[in-house]
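>>> Predicted model and sequence below, questions to follow.
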Amino acid sequence: MMDAMNMSTDTNPDSYVTDDGRTIGGVVMDLKNITLRFGGVVAIKDISFDIREGEIRAIIGPNGAGKSSMLNVISGFYKPQEGEVWFRGKKRPPMRPYQVAQQGLARTFQNIALFDGMSVLDNIMTGRLNYMKTNMLQQAIWWGKAEKEELENREKVEKVIDFLEIQHIRKTPVGRLPYGLKKRVELARALAAEPSLLLLDEPMAGMNVEEKEDMSRFILDVNDEFGTTIALIEHDMGVVMDLSDRVVVMDYGKKIGDGTPDEVRNNQDVIDAYLGVAHD
Amino acid sequence: MPEQLLFAMEVTLNGLMAGVLYALVALGFVLIFKASGIFNFAQGMLVVFAAMTLVGVQQGQVPFAHLINTIFGTKVHDFGWTVPTFLAIIVAGAAMVFVAWIIEKYILHHLVGQPDIILFMATIGMWYFMHGFAPLMWGSEVMKLDVGLAQGLNDPVLNATEALFGYGFFLDNLDIVAAVIAAILVASLVLFSQYTKQGRAMRAVADDHQAALSVGISLRFIWVLVWSLAGVVALVAGIMWGSKSGVQISLAEVALKALPVLMLGGCTSIPGAIIGGLIIGVGEQLFEFAIGPLVGGATQAWFAYVLALIFLIFRPQGLFGEKIIERV
Ligand SMILES: Nc1ncnc2c1ncn2[C@@H]1O[C@H](COP(=O)(O)OP(=O)(O)OP(=O)(O)O)[C@@H](O)[C@H]1O
Ligand SMILES: [Mg+2]
């Protein structure tokens, strides 16, 4: 998966270099005319947008706009009734979430989904499951090989733990952690999978200012140091404007804006949606 | 030592041995319940089916012989060979894995996302289906199961206690072997779930389905895996129980004793299943020994259920079960 990520798109005519010197490559994820319904409710109405290699892409919008639904479509948790998902230049066949994860997508959830009964370390180790190749029989017969593999994966996990500064809670059962730290552990588990595309659903919701600053820094560092492409949903406008390269704005399941933070900020539809101007 | 106390000790030991069998059946329940939230009513039937398959394979019986004979007017009964015990156990184990796969593919898979009660009803359906299917496949006579486990009284225990207390304890060799094998089985299950990749994935699924999916775990694979493990545990329980009292369909009802065990131990706890099994095993023997004569005996038929009921009132989540907290 890392190979695919480093398959640098320098030669891509679309690629460009940002003001802060990061290279943004071609399109990795292309969503075409996605429509998603729940019975009578249309959560997503004919939305198209793309995510480019190496960028931080924000999805914003009022409550119930369909942002989480969009993320769930990308990660395979929801199956859209219409539309196509193109990943790395190929149309993605209908896939189960675990298969999408195996393609190098990792995610966090709006309502934190951690393994409460396990320690922080064990939680993050689950992010490495797809890198463990020895099967049950081999593990039973050739303990040494399994142990070596376990150690290698442990090392990667320790790096993530250092990176996110959570050494002090390594052995703590996750259920006992405060909210802000849980969010960080969830990010750690996603990072342990060394994803090429990272999806974050409101990573800073419910955090205090200091925790938000930490989280923003981690997101920027992940993107910068590992070149990870990130799509995130966030309500805090300040954070969105600071972090993201491009922003998609949703309202009532429709896309009402798409562009750089500045473009979106000055878009009249977006301003209306946020000021609660009546919909016709 | 007073004679009554010695009697009570002997009864306790025997109760422990019976409890091991209850615990084994309960363990199968817990495995499935933890990983999928399904209360598998049919676990007892899996025990019977596993045991029947083992005997059938071992004795070279033709499966569905009665059916074949009725349709084709033939008179087949067995292949005329016997299969070595070790091989027969492996074949029966493989059959249980196959059953797990079938159950996932043709039943559970279609019920994903349905309320728990629907899944529970489905397992009751499985119980009745297998109640008819197992005899159809292997016949309805009582089958004798012999895998060469030690039988009879254990002399060392008898002699040692005789020398020590002047009163020899009667313990069945078979019970002792059963306890040892059960202990090995539980230890390997714990090792498996703590130290292997699939074990870790299994614990992850037991904890949170969504999170498990997001790290690339296939729920379907894990469900086949836990039903297979439950099937193998059922096979072991079936071997123990069958060696003791022969294999027949009514064994499945004895396995219902696992229900009070679960109430006692909690549906989600492996140690709970074991301790719960032992408590019920010992409790019902001691109760029968002490109180039985006063109330006309046969207390084993109801003691476990009453104990579990009393327990439920004071600790609904069981001894080791997770505390039930309503989410708001
Ligand atoms: N699993 C589901 N079943 C039924 N309806 C759903 C489901 N998921 C989302 N919806 C509906 O789809 C619409 C969009 O919801 P979604 O969670 O995507 O919004 P959101 O933009 O993430 O909102 P928020 O900012 O509150 O998280 C809502 O009307 C919601 O009720
Ligand atoms: Mg949301």
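Received, thanks. No experiment lies behind these values; they were computed from the predicted model shown. Numbering: from 1, shown residues only, chains lettered A, B, ... in the order given. Ligands and ions are numbered 1, 2, ... in the order given.
>>> Please enumerate the strands of the stretch 51-200 of chain A.
A:56-60, A:82-87, A:90-91, A:105-107, A:197-201 (DSSP state E, counting those that start in this stretch).
>>> just so I know, which of those strands lies nearest B:Val233?
Evaluated with Cβ to Cβ, the strands of the stretch 51-200 of chain A place strand A:105-107 nearest to B:Val233, the distance being 34.4 Å. In short, each C-beta sits where N, CA and C put it, glycine included.
>>> list the helices and strands that closest one packs on?
If contacts are counted by 3 or more Cβ pairs under 8 Å, 6 or more residues apart in numbering or on different chains; DSSP states H and E, strand A:105-107 sits against helix A:179-192, strand A:197-201.
>>> State the phi and psi torsions of the closest residue to ligand 2 within the stretch 201-328 of chain B.
Residue of the stretch 201-328 of chain B nearest ligand 2, by Cβ to the ion: B:Gln210 (14.0 Å). Here is the backbone geometry of B:Gln210 (degrees, to the nearest 10): phi -60, psi -50.
>>> from what I can see it touches A:Ala113, true?
Yes: under the criterion of Cβ atoms under 8 Å, B:Gln210 makes contact with A:Ala113 at 4.5 Å.
>>> Look at these two and report which has more neighbours.
The neighbour count for B:Gln210 versus A:Ala113, taken as other Cβ atoms under 10 Å in any protein chain shown, is higher for A:Ala113 (21 against 12).
>>> could you list every residue that touches that one?
Residues in contact with A:Ala113 (Cβ atoms under 8 Å, 6 or more residues apart in numbering or on different chains) are A:186, B:208, B:210-211, B:214.
>>> Let me know the closest of these to A:Glu165.
A:Glu186 (14.9 Å).
>>> that older thread, what would the helices and strands packed on strand A:105-107 look like in JSON lines with mean pLDDT and mean neighbour count?
Putting those into JSON lines (pLDDT from 0 to 100; neighbours: other Cβ atoms under 10 Å in any protein chain shown) gives the following:
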{"stretch": "helix A:179-192", "mean pLDDT": "96", "mean neighbour count": "22"}
{"stretch": "strand A:197-201", "mean pLDDT": "97", "mean neighbour count": "26"}
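>>> Switch the ones you listed over to a markdown table, and while doing so, append distance to chain B to every line.
A markdown table is the format used below for those (distance: least, Cβ to the nearest Cβ, whole Å):
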| stretch | distance to chain B |
| --- | --- |
| helix A:179-192 | 7 |
| strand A:197-201 | 9 |
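>>> who wins for proximity to ligand 2 among these?
strand A:197-201 (6.0 Å).
>>> the inter-axis angle of that closest one versus strand A:82-87?
Using axes from the mean of the first three to the mean of the last three Cα atoms, to 10 degrees, the inter-axis angle of strand A:197-201 relative to strand A:82-87 is 130 degrees.
>>> Not including adjacent chain positions, what is the nearest residue to A:Ser119?
Once flanking residues are discounted, A:Ser119 sits nearest to A:Lys171: 5.3 Å by Cβ to Cβ, 6 or more residues apart in numbering or on different chains.
>>> Can you name the residues that contact the one you found?
A:Lys171 neighbours (Cβ under 8 Å, 6+ apart): A:119-121.
>>> Excluding sequence neighbours, find me the nearest residue to B:Gly246.
Counting by Cβ to Cβ, 6+ apart, the residue nearest B:Gly246 is B:Val142, at 4.7 Å.
>>> What score does the residue of chain B most remote from its centre have for pLDDT?
Centroid-distance maximum for chain B: B:Gly73 at 37.9 Å, with Cα atoms, centre = their mean. The model reports B:Gly73 with a pLDDT of 89.
>>> Name the helix or strand of chain B that has the lowest mean pLDDT.
Least confident helix or strand of chain B, by mean pLDDT, DSSP states H and E, is helix B:251-254 with a mean of 82.
>>> can you list contacts of it?
So helix B:251-254 is contacted by B:44-45, B:47-48, B:51, B:127, B:131, B:238, B:241-242, B:245 (Cβ under 8 Å, 6+ apart).
>>> Among these, which has the minimum pLDDT value?
B:Ser245 (84).
>>> can you pull the contacts of that residue?
B:Leu251.
>>> so where's the chain uncertain?
Using chain A here. A:1-13, A:134-143, A:276-280 (pLDDT under 70).
>>> think we crossed wires, I meant chain B
For chain B (pLDDT under 70), the answer is B:1, B:321-328.
>>> And the residue of it closest to ligand 1?
In chain B, the residue that lies nearest ligand 1 is B:Gly113 (10.3 Å; Cβ to the nearest ligand atom).
>>> if I look at that residue, how far off is B:Gln151?
Counting by Cβ to Cβ, to the nearest Å, the gap from B:Gly113 to B:Gln151 is 49 Å.
>>> Compare neighbour counts for these two and give me the winner.
Counted by other Cβ under 10 Å, B:Gly113 and B:Gln151 do not tie: B:Gln151 has more neighbours, with 12 against 5.
>>> longest helix anywhere in chain B?
helix B:3-36 (DSSP state H).
>>> could you say what helices and strands that one packs with?
helix B:43-58, helix B:173-195, helix B:197-207, helix B:219-245, helix B:258-265, helix B:270-290.
>>> residues of the fourth one that come out buried?
Under the neighbour-count criterion of 16 or more other Cβ atoms under 10 Å in any protein chain shown, helix B:219-245 has B:219-220, B:222-244 buried.
>>> Next: stretch A:70-89.
A:70-78, A:80, A:83, A:85, A:87-88.
>>> Adding distance to B:Ile310, write those out as JSON lines.
Output for those, formatted as JSON lines (distance: Cβ to Cβ, whole Å):
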{"residue": "A:Met70", "distance to B:Ile310": "53"}
{"residue": "A:Leu71", "distance to B:Ile310": "49"}
{"residue": "A:Asn72", "distance to B:Ile310": "46"}
{"residue": "A:Val73", "distance to B:Ile310": "51"}
{"residue": "A:Ile74", "distance to B:Ile310": "52"}
{"residue": "A:Ser75", "distance to B:Ile310": "48"}
{"residue": "A:Gly76", "distance to B:Ile310": "48"}
{"residue": "A:Phe77", "distance to B:Ile310": "44"}
{"residue": "A:Tyr78", "distance to B:Ile310": "47"}
{"residue": "A:Pro80", "distance to B:Ile310": "53"}
{"residue": "A:Gly83", "distance to B:Ile310": "58"}
{"residue": "A:Val85", "distance to B:Ile310": "56"}
{"residue": "A:Phe87", "distance to B:Ile310": "58"}
{"residue": "A:Arg88", "distance to B:Ile310": "61"}
